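# Sequence and predicted structure, then a few things I'm wondering about:
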Amino acid sequence: MRRSPRSCGSSPTASARTSEPAVKRTADSARGEASFTLQGAGVSGGIAIGQAHLFSAARLEVAHYEIPPQGIDAEVQRFDAAVAQVRGEFAALEAGVPASARAEMKAFLGLHAMLLNDANLSKAPRELIREQRCNAEWALVQQMEHVTKQFEEIEDAYLRERAQDIVQVVERMLKAMLGTGHAPQAPSHEENVIVVAHDLSPADMMIFKRHEYAGFVTDLGGVTSHTAIVARSLNIPAIVGLHHARSLIRENELLIVDGREGVLIVNPDAQVLEEYRRRSRRIEAERRKLRRLRTRRARTLDGVAVDLQANIELPQDVDEVKEAGAAGIGLFRTEFLFLNRDDLPSEDEQFEAYRKVARSMDRRPVTIRTLDLGADKSINGADRAGPNPALGLRAIRFCLAEPQMFLTQLRAILRASRYGKIRLLIPMLAHSHEIENALAAVRHARETLDDQRIAYDRRVAIGGMIEVPAAALSLEYFMRKLDFLSIGTNDLIQYTLAIDRTDDTVAHLYDPLHPAVLHLVSRTIRAANRAGIPVAVCGEMAGDLSMTRLLLGFGLRQFSMHPAQLLAIKQQVLRTRIDAARATRIGRVNDPEKARQLLSRLNA
Ligand code: PEP
Ligand code: MG
């Protein structure tokens, strides 16, 4: 294999992980490139075949590759050109500072110019290029890491913080290099392109919604992270947790993404390619067959009706919801309206978005979840995540801390309620006072509308998400105060098992069949059914084919999932006998292995 990803030092991205890449090298591919396979976690089914496009979300995540001996001089020149360009930029910036500007402004620019001219940044990377044959970006980032590490050890806090200035200067140099020849070009035929990234945020994924990529793969991420959830909604094959894909794969290499098995094949040979093309045609044929179920009513073999609804992130997702024949929207994750922008959406803008969804669902229920910001979804520029974002100021906690923002959203939702059948859902409730305060905020929003004589539906139901174990264990209070419940299994599992759902290093511990999880889920469904309170599951468990019968057996009759999964789940419902599902002992065993065996028996 001609590539030696580690010959230029360890990657800044890969260095966060200590595991070695699980690379299986096979015979050379049809195009003469070495073929290898990476294993990750499939998050979105199907097979994509296309060319790699390396994507950098983080500004300092750069491609690294080996320069051939005859290309070294040109690479050093490329580096020198970037240094010269940034030097020119600083001079122009300094010249443009108005005389009235504060003295710190000039001092700041002077400091950055000085850092740039220091041999550590302007000379040392040249040596790395020559000695290790690194590409220029990679040499610069390595050198930056070396220097900033020394700064971290300085006791003086002011000097220690100067490491940030170095990072900013390096970012500017990297940007300059992107304009000097080697940067991957934006692909023109997106439908044949597979995005390869080290990590993607939910906000990055929303940008992908505007594209038509064939698939994507990332080094980091868990299967129920919001990034993976949005990937599923894009309905393209995707894999997360590949660890080294971004550093091993090169721009334009041929890839096969098997999103069901979590397998990525780089530079496949002709035989493998043909096999995957065959599999891809088979999956497409299965999908076409499923489409025939679109108008069928979801009933079990013994005649029990099941309500299959859909999850959305943006109003435009409604087309897909209707395409899938969903009975309603069980979860509208409204925080996605707030991402990738520098301002907050106004009341009118939100109202239009909610009204559009309500109208197009045509009296079918639309469950609008109030903002679940925080954790892995933050507003541009907001730095309030805290040391442990998943346990921090998130969802209802964030809304109660920002009453004006919450009021704006509640008013917009209530105003839209005249145009359809809207229900309001509050995320991440754990305490009785949070329920009280959330209900008080809704009352206040109504009063402000009443004062202005603005009409809204006075019967809007208010529900709560059960996604914190504390909520699942104190259901009586929730059922007394709220009109309906929706179980968010993604967070319920995260918080029950104490594993960050976005962290692939603990992804193997994410187990929906853990007895504690099954206990909380079944307990919630049974208690709500006994009390006559509508209950749904809207986490990824609802769209997991292997869990459908188990949840039906627990007594669940309302599921909400991504539209892409809906018809497969309907097919499973149509093939299920409730009595058999109810008889399973899965919820009563204490051994997850045993639970897995019983589950495969139930699903056989
Ligand atoms: C959940 O936690 O299961 C859920 C549906 O909410 P989200 O995935 O948006 O956190
Ligand atoms: Mg949640």
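Yep, it's here. Ligands and ions are numbered 1, 2, ... in the order given.
# only C-alpha atoms for contact and neighbour calcs from this point on.
OK.
# can you count the residues close to Tyr53?
Tyr isn't right for residue 53; it's His. Neighbourhood size, His53 [other C-alpha atoms under 10 Å]: 26.
# Given the helix or strand hosting it, what are its sheet partners and their directions?
Here His53, judged by DSSP states H and E, is contained in strand 47-55. Strand 47-55 sits in its sheet next to strand 193-197 (parallel), strand 254-258 (antiparallel), going by DSSP bridges.
# Redo these as TSV? Include mean pLDDT, mean neighbour count and distance to Asn437.
Formatted as TSV, the strands paired with strand 47-55 follow (pLDDT from 0 to 100; neighbours: other C-alpha atoms under 10 Å; distance: least, C-alpha to C-alpha, whole Å):
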stretch	mean pLDDT	mean neighbour count	distance to Asn437
strand 193-197	90	26	41
strand 254-258	96	26	46
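# so which of those gets nearest ligand 1?
Between ligand 1 and the strands paired with strand 47-55, the shortest separation by C-alpha to the nearest ligand atom is 21.8 Å, and it involves strand 193-197.
# gap between that closest one and the chain center?
Mean-position distance between strand 193-197 and its chain equals 15 Å (C-alpha atoms, centre = their mean, to the nearest Å).
# now do stretch 418-432
23 Å.
# quick one: contacts for Thr313?
That one is not Thr; residue 313 is Glu. Glu313 is in contact with 230, 332-337, counting by C-alpha atoms under 8 Å, 6 or more residues apart in numbering.
# What about it? Give its phi and psi, please.
phi -110, psi -30 (degrees, to the nearest 10).
# Excluding sequence neighbours, find me the nearest residue to the residue nearest the centre of the chain.
For the chain, Thr227 is the residue whose C-alpha lies nearest the centre (C-alpha atoms, centre = their mean; 0.9 Å). Sequence neighbours aside, Pro202 is the residue nearest to Thr227 in space, at 4.4 Å (criterion: C-alpha to C-alpha, 6 or more residues apart in numbering).
# Hmm, the one you found is touching Asp376, no?
Yes: applying C-alpha atoms under 8 Å as the test, Pro202 and Asp376 come out as touching, 7.3 Å apart.
# and the two? which has more neighbours close in?
Pro202 (21 against 18).
# how far away is that one from ligand 1?
11 Å (C-alpha to the nearest ligand atom, to the nearest Å).
# Read off the pLDDT value for that residue.
Reported pLDDT at Pro202 in the predicted model: 74.
# Kindly report the same for Ala382.
pLDDT, Ala382: 57.
# just to revisit the earlier point, in contact with the residue nearest to Thr227, which residues?
By C-alpha under 8 Å, 6+ apart, the neighbours of Pro202 are 226-227, 230, 376-377.
# Including distance to ligand 1 and pLDDT, could those residues go into CSV?
CSV is the format used below for the contacts of Pro202 (distance: C-alpha to the nearest ligand atom, whole Å; pLDDT from 0 to 100):
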residue, distance to ligand 1, pLDDT
His226, 6, 76
Thr227, 10, 76
Val230, 10, 78
Asp376, 10, 73
Lys377, 10, 74
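# want to throw those into a markdown table with secondary structure and distance to Val193?
Shown next, in a markdown table, are these (DSSP: H, G, I helix; E, B strand; the rest coil; distance: C-alpha to C-alpha, whole Å):
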| residue | secondary structure | distance to Val193 |
| --- | --- | --- |
| His226 | helix | 22 |
| Thr227 | helix | 19 |
| Val230 | helix | 18 |
| Asp376 | coil | 26 |
| Lys377 | strand | 26 |
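# And stretch 498-514, what's buried?
499-505, 507, 509-510, 512-514 (16 or more other C-alpha atoms under 10 Å).
# hmm, back to that, and the contacts of Glu313, which of them are in strands?
332-333 (DSSP state E).
# circling back: which of the buried residues of stretch 498-514 lies closest to Met561?
Pro512 (15.9 Å; C-alpha to C-alpha).
# Tell me, how many residues neighbour Glu286?
Counted with other C-alpha under 10 Å, residues neighbouring Glu286 total 12.
# who are the neighbours in contact with the closest residue to Phe406 other than its chain neighbours?
Distance criterion C-alpha to C-alpha, 6+ apart; nearest residue to Phe406, sequence neighbours excluded, is Cys399 at 5.3 Å. Shown in contact with Cys399 (C-alpha under 8 Å, 6+ apart): 371, 405-406.
# any weak-confidence spans in the chain?
1-32, 56-61, 97-105, 179-190, 378-385 (pLDDT under 70).
# Nothing else from me, thank you.
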